[in-house]
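K.L.:
Turn this into a model:
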Amino acid sequence: MIQILHNPRCTKSRQGLALLEDEGQAFEVIKYLDDKLTKADLTSIITKLGMSPIELVRKNEAIWKSDYKGKNLDDAQIIEAMIEHPKLIERPIVINKNKAIIGRPTEAIKTIL
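P.N.:
Now for the predicted structure:
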């Protein structure tokens, strides 16, 4: 089943959810700010996205700027930062089987449906 990592307060995330509904897709909503991802979950998502952990970080978030920016962090430390502060995770992320995509722009989601 398709999954969407969703933040209800995010416009792009709401647009991604609406696109899935408009496409008539069955999907599961994961409110990752409420139910934190595990290291295994996040590592799996990063693999499905085909990107490095740093590419998934929202670098304009205040917590990134104050606690992590300019530090020499390895992938494991970046993943731990996103687990501890899920607000740092780019959104929305749509997962379909072994593929995932960040829904920015929203239409990009269609490429994995």
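K.L.:
Might you report the residue contacts of the nearest residue to residue 53 once chain neighbours are set aside?
P.N.:
The spatially closest residue to residue 53, leaving aside those adjacent along the chain, is residue 78, at 4.1 Å (C-beta to C-beta, 6 or more residues apart in numbering). (C-beta placed from N, C-alpha, C; glycine too.) By C-beta atoms under 8 Å, 6 or more residues apart in numbering, the contact set of residue 78 is 53, 54, 57, 68.
K.L.:
give me every residue that touches the nearest residue to residue 27 once chain neighbours are set aside.
P.N.:
Spatial nearest neighbour of residue 27, excluding adjacent residues (C-beta to C-beta, 6+ apart): residue 2 at 4.1 Å. Residues in contact with residue 2, defined by C-beta under 8 Å, 6+ apart, are 20, 25, 26, 27, 28, 94, 95, 96, 113.
K.L.:
Residue 110 is in contact with residue 23, isn't it?
P.N.:
Yes - using C-beta atoms under 8 Å as the test, residue 110 is close enough to residue 23 to be in contact (7.3 Å).
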